[in-house]
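Visitor: Have a look; sequence and predicted model below, questions after that.
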There are 2 protein chains.
Amino acid sequence: MPRPLIALDWGTTRARAFLISAAGEVLERRSADQGIQSVPVGGFPAAFETIAGELRRAAPDAAIVLAGMVGSRNGWIEAHYVPCPASPDAIAAAGMTATLADGTPATILPGLSCDEGAFDVMRGEETLIVGLRIDDGIACLPGTHSKWALVEHGSIVRFASFMTGEIYGLLREHSILSRLAEEPSGDDTPRGAALGLAAAARPGGLLNTAFASRSEVLAGRMPGGAVGPYLSALLVGHEIAGAQALFGRGQRVHLVADGVLAQSYGAALAAAGLEATLTTPEAAFVAGVRRLAERVAA
Amino acid sequence: MPRPLIALDWGTTRARAFLISAAGEVLERRSADQGIQSVPVGGFPAAFETIAGELRRAAPDAAIVLAGMVGSRNGWIEAHYVPCPASPDAIAAAGMTATLADGTPATILPGLSCDEGAFDVMRGEETLIVGLRIDDGIACLPGTHSKWALVEHGSIVRFASFMTGEIYGLLREHSILSRLAEEPSGDDTPRGAALGLAAAARPGGLLNTAFASRSEVLAGRMPGGAVGPYLSALLVGHEIAGAQALFGRGQRVHLVADGVLAQSYGAALAAAGLEATLTTPEAAFVAGVRRLAERVAA
């Protein structure tokens, strides 16, 4: 008989906790700064209590499943990477059992590794991809280090990381371009984004087209407020082109994003002529952790 | 009758000064931290005296020609960009005259602008390219913001900038990759460079392959000392691929570099199957400023 579920997406800098009813409804959610890097050795049972203690008292019989960096070498208990191709069954089967302060067991999910071309790893994103419930398609999870994954017959066949968000931050805050970038006003954002997407298709490549925003501003042909949107769209356009080169363009793209990332990636996917569907990270995580929890319990 | 020449390559942060005999021999050279950004308003005659006063006393009758950012809006006198295609005659004709403290005239050379695809500008590099004395070919000037230029019938037809050196610095010093990068030891440099050049040809693009060095080190498949050489070769490989896409690959590449840049670009050009010749920046500047000084005097 199905039980409620307490599920944590526990990363390096943040933890998000959900109390999910047996029917799949999110009853409570918590967000905490207590990422694994702030947890001292031996401190995970106490940290869990701080993050999710209230949820446990609200549902004492709930199953407990933790995803993300909590399963890394620097986490609570290391759950070794499952090599791709990886089915939801294989991911659930590789879960490790941690013990809470009161002796209750909790399942820590593993991450995935991929060894196609270059070695790559993920922790946490696999749960969101499982939550998309797709048999065949491509998943796109934008972020500091975006992940793209190819799903076939319900298994994650291979994936790749792109340091799009981090390079955006470096260019926007620490490069020569940051000096002439201004906060967008008026039509700067759509104008910069359109110019950036067009530039992503130019032959000179990222090193050339990123720098071009400087010359365009100095020549008075682009407002300073368009530099940030230009760089964002340029980088997202390059990420999409790289992912297409790796995974092909025949499949529907399942975008997992909300807020400005949903907008910018949605626009860039449309500009690339790709069909896309949108799922929020919370919906994908909740659906994914439920699917994996069912398999852990089975 | 030919005169000796005092020539300055006067950039934003540094100035290099040469006393060149009428026959073209470098008799004296000076290097100073006194870039144009350190010169106060109205301070250029005094700054010139500090940098090149000794050279003037050694050759009171020398012609004086200044190249680089000294001709920008923030320099001594603005010498407006000459639009491409630009011949040596056109560059020399656009020189402006500044007046030294004792009333002697000095010529300030202009930079170039290019409006093919994106707007781009250079100041100083045009003099080095003229110094290559090529009728037809491609010039590659590596640096913080590398320049590539296409020369046809002795004129600079078009050019493009690549922010290769700056992005290398950002990735190496400020990104997640900097944490696991170590100083190269033993065979790390050739190994990292070979891996980086191979990665530049992979389909995922720069955002994917830059991040891959992290996973490779975490998996124990690449030493931390190889990260820097990997990133350098990866970025140079992307720069070369972008430049080939813009300028074609049929022409010989004239590389203007010395030291580690001569090595890394030489290796990357060879890996790309491109024929290259090497000229040092000093040799290119001296030859170029002499060619332009002759035309100014004519």
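Guide: Okay, I see it.
Visitor: Which stretches in the stretch 51-200 of chain A count as strands?
Guide: The residue ranges that make up the strands of the stretch 51-200 of chain A, judged by DSSP state E, counting those that start in this stretch, are A:63-67, A:82-83, A:96-99, A:105-108, A:112-116, A:118-122, A:137-141, A:146-152, A:155-162.
Visitor: Surely A:E239 and A:F162 touch.
Guide: Yes: counting by C-beta atoms under 8 Å, A:E239 does reach A:F162; the two are 4.5 Å apart. Every C-beta, even on glycine, is put in place using the N, C-alpha and C of the backbone.
Visitor: for A:N208, helix, strand, or coil?
Guide: helix (DSSP: H, G, I helix; E, B strand; the rest coil).
Visitor: Check chain A for its longest helix and report it.
Guide: Among the segments of chain A that qualify as a helix by DSSP state H, the longest is helix A:227-247.
Visitor: hmm, back to that, redo the strands of the stretch 51-200 of chain A as a markdown table? Include mean neighbour count, distance to B:F44 and mean pLDDT.
Guide: Formatted as a markdown table, the entries for the strands of the stretch 51-200 of chain A read as follows, by neighbours: other C-beta atoms under 10 Å in any protein chain shown; distance: least, C-beta to C-beta, whole Å; pLDDT from 0 to 100:
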| stretch | mean neighbour count | distance to B:F44 | mean pLDDT |
| --- | --- | --- | --- |
| strand A:63-67 | 25 | 63 | 98 |
| strand A:82-83 | 16 | 65 | 98 |
| strand A:96-99 | 16 | 69 | 97 |
| strand A:105-108 | 20 | 67 | 98 |
| strand A:112-116 | 19 | 58 | 93 |
| strand A:118-122 | 22 | 52 | 92 |
| strand A:137-141 | 24 | 54 | 98 |
| strand A:146-152 | 23 | 48 | 98 |
| strand A:155-162 | 24 | 47 | 97 |
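Visitor: Reformat the ones you listed into CSV and put distance to chain B next to each item.
Guide: Listed next are the strands of the stretch 51-200 of chain A as CSV, based on distance: least, C-beta to the nearest C-beta, whole Å:
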stretch, distance to chain B
strand A:63-67, 19
strand A:82-83, 12
strand A:96-99, 19
strand A:105-108, 19
strand A:112-116, 8
strand A:118-122, 4
strand A:137-141, 13
strand A:146-152, 8
strand A:155-162, 4
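Visitor: can you tell me which of the ones you listed comes nearest to B:V217?
Guide: Among those, the nearest to B:V217 by C-beta to C-beta is strand A:118-122 (9.7 Å).
Visitor: what sits up against that closest one?
Guide: If you take C-beta atoms under 8 Å, 6 or more residues apart in numbering or on different chains as the criterion, strand A:118-122 is touched by A:81, A:111-114, A:147, A:149, A:159-161, B:199, B:202, B:204, B:208-209, B:212, B:215-216, B:218-219, B:221.
Visitor: any idea of the angle that strand forms with strand A:112-116?
Guide: Using axes from the mean of the first three to the mean of the last three C-alpha atoms, to 10 degrees, one finds that strand A:118-122 and strand A:112-116 are set 160 degrees apart in direction.
Visitor: now strand A:118-122, how far from the centre of its chain.
Guide: The chain centroid and the centroid of strand A:118-122 are separated by 14 Å under C-alpha atoms, centre = their mean, to the nearest Å.
Visitor: What pairs with it, parallel or antiparallel?
Guide: Strand A:118-122 has the following sheet partners, assigned by DSSP bridges: strand A:112-116 (antiparallel).
Visitor: Would you mark the buried spots in the helix or strand harbouring A:R30?
Guide: Element membership for A:R30, per DSSP states H and E: strand A:26-32. The neighbour-count check on strand A:26-32 (16 or more other C-beta atoms under 10 Å in any protein chain shown) flags A:R30, A:A32 as buried.
Visitor: who's in contact with the residue nearest to A:L234 when sequence neighbours are not counted?
Guide: Nearest non-adjacent residue to A:L234, counting by C-beta to C-beta, 6 or more residues apart in numbering or on different chains: A:G196, 4.0 Å away. By C-beta under 8 Å, 6+ apart, the contact list for A:G196 reads A:P229, A:Y230, A:L231, A:S232, A:A233, A:L234, A:L235, A:V236, A:G237.
Visitor: Any chance of a ChimeraX selection covering the buried ones in these?
Guide: Once 16+ other C-beta under 10 Å is used to decide burial, the buried members of those can be selected in ChimeraX as follows:
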select /A:229,230,231,232,233,234,235,236,237
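Visitor: Might you enumerate the residues of the stretch 1-150 of chain A proximal to chain B?
Guide: Proximity of the stretch 1-150 of chain A to chain B (C-beta under 8 Å from any C-beta of the partner chain) is limited to residues A:S113, A:G117, A:A118, A:F119, A:D120, A:V121, A:H145, A:S146.
Visitor: Identify the bridge partners of the fourth one.
Guide: Yep, that's A:F119 we're talking about. As for beta bridges, A:F119 partners with A:D115 under DSSP bridges.
Visitor: Any idea what A:S155 is bridged to?
Guide: Under DSSP bridges, the beta-bridge partners of A:S155 are A:E152.
Visitor: show me the residues around it that make contact.
Guide: A:S155 touches A:C84, A:P85, A:A86, A:S87, A:P88, A:A90, counting by C-beta under 8 Å, 6+ apart.
Visitor: Which residue, other than its chain neighbours, is closest to the fourth one?
Guide: The spatial neighbour of A:S87 that comes closest, neighbours along the chain excluded (C-beta to C-beta, 6+ apart), is A:S155 at 4.4 Å.
Visitor: Repeat that for the fifth one.
Guide: Nearest residue to A:P88 in three dimensions, chain neighbours excluded: A:V130, at 5.1 Å (C-beta to C-beta, 6+ apart).
Visitor: isn't the one you found right next to A:G288, touching?
Guide: Yes: if you go by C-beta under 8 Å, A:V130 and A:G288 touch, sitting 4.0 Å apart.
Visitor: Look at these two and report which has more neighbours.
Guide: The neighbour count for A:V130 versus A:G288, taken as other C-beta atoms under 10 Å in any protein chain shown, is higher for A:V130 (30 against 27).
Visitor: tell me the contacts of that one?
Guide: Applying C-beta under 8 Å, 6+ apart, one finds that A:V130 lies in contact with A:P88, A:I91, A:I156, A:A287, A:G288, A:R291, A:L292.
Visitor: ok, so of the residues you listed, who is nearest B:A59?
Guide: Nearest to B:A59 among the contacts of A:V130: A:I156, at 72.3 Å, using C-beta to C-beta.
Visitor: correct me, but that closest one touches A:L128?
Guide: No: the criterion here is C-beta under 8 Å, and A:I156 misses it with A:L128 at 10.9 Å.
Visitor: Which residues are in contact with each of these two?
Guide: Residues within reach of A:I156 and of A:L128 at once, by C-beta under 8 Å, 6+ apart: there are none.
Visitor: residue nearest the centroid of chain A?
Guide: Central residue of chain A (C-alpha atoms, centre = their mean): A:L141, 4.5 Å from the mean position.
Visitor: I'd like to know how far A:G143 sits from chain B.
Guide: In this structure, A:G143 and chain B are separated by 12 Å, where distance is defined by C-beta to the nearest C-beta, to the nearest Å.
Visitor: gap between the two ends of stretch A:61-76?
Guide: Between the opening and closing residues of stretch A:61-76 we find a distance of 22 Å, counting by C-alpha to C-alpha, to the nearest Å.
Visitor: show me where chain A has helices.
Guide: Shown for chain A, the helices assigned by DSSP H span residues A:44-58, A:88-93, A:125-130, A:164-174, A:188-200, A:206-218, A:227-247, A:259-271, A:281-297.
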